[in-house]
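Engineer: Whatever this is, show me its structure:
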Amino acid sequence: MDKLKALLLNRYFVFAVYTLFAVAAAIGQMMKAKPGDTFSRYNNYLIFKESFTNLKNGVNMYVPHPEQHYDLYKYSPSFAVLFAPFGWLNDTAGLILWNLLNALPLLLAVFLIPYDGDKKKIYVLWFIVLELMTNMQNSQSNGLIAALLIGAFVSFERHNNMMAALFIILSVYIKVFGLLMAVMFMVYEKRQQFMLWFAAWGIIIFMLPLLFTSSQGYIIQMEGWMHLLRSDHGISDGISVFGIMHSWFGIVHLKGAILIFGLLLMLLPILFIRHFISFRFRLWYFTSLLVWLVIFNHRAESPTYIIATAGAALWYFQKDQPSRFETGMMILLFVLTVLSPTDVFPRILRNEWVVPYSLKALPCVIVYFKIFADMIRQTRSAPQL
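Structural biologist: Prediction:
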């Protein structure tokens with residue numbers, strides 16, 4: 001038993017498991033293809049890969065391309081450029097590399113979190129690995145987004161505004177909601193320096209597509225992206241607070257009000273700026289942001305929850321003596337959020353309860369309000385280092 005525990009707590013073994021899972025997820029999706037399938041089982045990867053070809057050829061990326069893939073490209077033109085190197089690889093090699101890009105930077109980012117020792121970080125990594133697998137089996141980008149946001153937090157903690165700004169900007173050009181991570185700059189020093197780096201990186205990455213398309217072509221692509229983002233808001237509730245309000249209470253016309261309420265909750269702790277002198281308080285706020293970005297996202301899908309799960313795990317495992325209630329919350333999160341999309345979870349429960357009632361989101365909503373309550377409770381006492 002001691003040898004098994006030592007193995008599970010070995011960082012090199014965890015690295016090997018993350019690598020193996022990334023490769024297995026890619027090969028598994030490749031092997032699922034059946035004769036007569038109209039589309040591949042790694043459709044999201046093809047959407048990303050073909051986006052650069054469409055950009056370079058002056059083809060509108062934001063309309064259906066059934067000859068290439070199903071569904072729409074919903075990312076920025078700049079992300080299409082950043083994904084261009086994958087076009088040089090065959091699909092198997094490219095998909096493996098893409099999964100590794102979602103897995104290993106996340107692993108590294110967690111190890112860079114300034115906890116005491118590796119043990120708590122390894123607990124976090126074991127807790128989130130199955131959720132990461134769900135992301136990789138869908139060829140999604142959320143593992144990379146989580147890595148970039150954690151990397152931004154680590155950079156803030158190291159007073160490296162240049163890298164913090166770069167990580168946030170990269171996340172924004174992949175998924176716009178990463179922009180909300182920039183609120184963290186208000187609790188650190190040298191705010192003007194961060195804003196300058198944020199603007200500089202934003203302009204540089206924004207201009208990348210002009211290396212491969214005309215200015216007029218770029219304008220058309222940007223108009224297509226903006227139109228998609230605007231029209232996207234009302235067509236889905238996602239696995240989110242909005243999904244819960246809709247499926248539980250039939251509330252469908254208050255999305256704007258709910259979002260404003262969520263934004264006020266997110267910004268409220270900033271009012272207690274003096275408490276951010278505490279690393280624990282900064283970590284709590286950051287982890288609450290990771291959860292918030294998902295549960296208040298009207299387009300949140302099952303693979304998106306690697307971001308929220310990472311936030312919940314980073315909050316829970318930094319505690320030396322979590323309460324029974326906190327442990328119970330995390331058990332519920334592991335069952336409903338992490339396990340519910342997997343084959344070990346009863347299909348009838350998933351199809352009849354978890355999916356229709358957005359139960360995957362419920363534990364993360366509970367965790368978010370627990371973190372929020374912890375922060376508010378902390379503001380009643382003197383700030384601690």
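
Engineer: how distant is stretch 214-226 from the center of its chain?
Structural biologist: Computed by CA atoms, centre = their mean, to the nearest Å, the chain-centroid distance of stretch 214-226 equals 26 Å.

Engineer: err, stretch 373-380, not the other one
Structural biologist: Here the centre of mass of C-alpha atoms in stretch 373-380, compared against the chain's by CA atoms, centre = their mean, lies 26 Å away.

Engineer: now do stretch 135-145
Structural biologist: Taking mean C-alpha positions (CA atoms, centre = their mean), stretch 135-145 and its chain are 8 Å apart.

Engineer: can I get the CA coordinates of it in CSV?
Structural biologist: Output for stretch 135-145, consisting of C-alpha atoms alone and laid out as CSV, is shown next (Å, rounded to 0.1, in the frame of the first residue of the first chain):
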residue,chain,number,x,y,z
ASN,A,135,-12.5,17.4,-22.8
MET,A,136,-9.9,15.5,-24.9
GLN,A,137,-12.4,12.9,-26.1
ASN,A,138,-14.3,15.8,-27.6
SER,A,139,-11.1,17.4,-29.1
GLN,A,140,-11.9,20.6,-27.2
SER,A,141,-9.7,23.5,-26.1
ASN,A,142,-10.8,23.8,-22.5
GLY,A,143,-7.8,22.1,-20.9
LEU,A,144,-5.6,24.6,-22.7
ILE,A,145,-7.9,27.5,-21.5
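
Engineer: What lies in contact with it?
Structural biologist: By CB atoms under 8 Å, 6 or more residues apart in numbering, the list of residues contacting stretch 135-145 from outside reads 21-22, 25-26, 28-29, 42-45, 48, 75, 95, 98-99, 101-103, 105-106, 132, 171, 174-175, 178, 301-307. Heads up, the C-betas are built off the backbone N, CA and C, glycines and all.

Engineer: pLDDT wise, what is the closest residue to I96 other than its chain neighbours at?
Structural biologist: Distances taken as CB to CB, 6 or more residues apart in numbering put A26 closest to I96, at 4.3 Å, once the chain neighbours are dropped. In the predicted model, A26 carries a pLDDT score of 94.

Engineer: quick one: A26 and N90 touch, right?
Structural biologist: No: at 11.7 Å, A26 does not count as touching N90 under the criterion of CB atoms under 8 Å.

Engineer: Who has more neighbours out of these two?
Structural biologist: Relative neighbour count places A26 above the other of A26 and N90, with 25 against 7, counting by other CB atoms under 10 Å.

Engineer: how close does that one sit to L108?
Structural biologist: Per CB to CB, to the nearest Å, A26 is found 20 Å from L108.

Engineer: ok so, going back, just the contacts of stretch 135-145: which are in helices?
Structural biologist: 21-22, 25-26, 28-29, 43-45, 48, 95, 98-99, 101-103, 105-106, 132, 171, 174, 305-307 (DSSP state H).

Engineer: what about burial for those, which qualify?
Structural biologist: Listed as buried from the ones in helices among the contacts of stretch 135-145 are 21-22, 25-26, 29, 43-45, 48, 95, 98-99, 101-103, 105-106, 132, 171, 174, 305-307; burial here means 16 or more other CB atoms under 10 Å.

Engineer: check contacts around M186.
Structural biologist: I270, I273.

Engineer: pLDDT averaged over stretch 42-53 - what is it?
Structural biologist: With pLDDT averaged residue by residue, stretch 42-53 scores 92.

Engineer: Now do that stretch: distance to the chain's middle.
Structural biologist: The chain centroid and the centroid of stretch 42-53 are separated by 19 Å, computed with CA atoms, centre = their mean.

Engineer: Would you mind listing the outside residues contacting it?
Structural biologist: Among residues not part of stretch 42-53, those counted as contacts by CB under 8 Å, 6+ apart are 26, 29-30, 40, 59, 61, 65, 68-73, 75, 79-81, 83-84, 86-87, 91, 94-95, 98, 138-141, 212.

Engineer: I'd like to know which of those are part of helices.
Structural biologist: Filtering the contacts of stretch 42-53 for helices - DSSP H - leaves A26, Q29, M30, F79, A80, V81, D91, G94, L95, W98.

Engineer: Cool, thanks, talk later.
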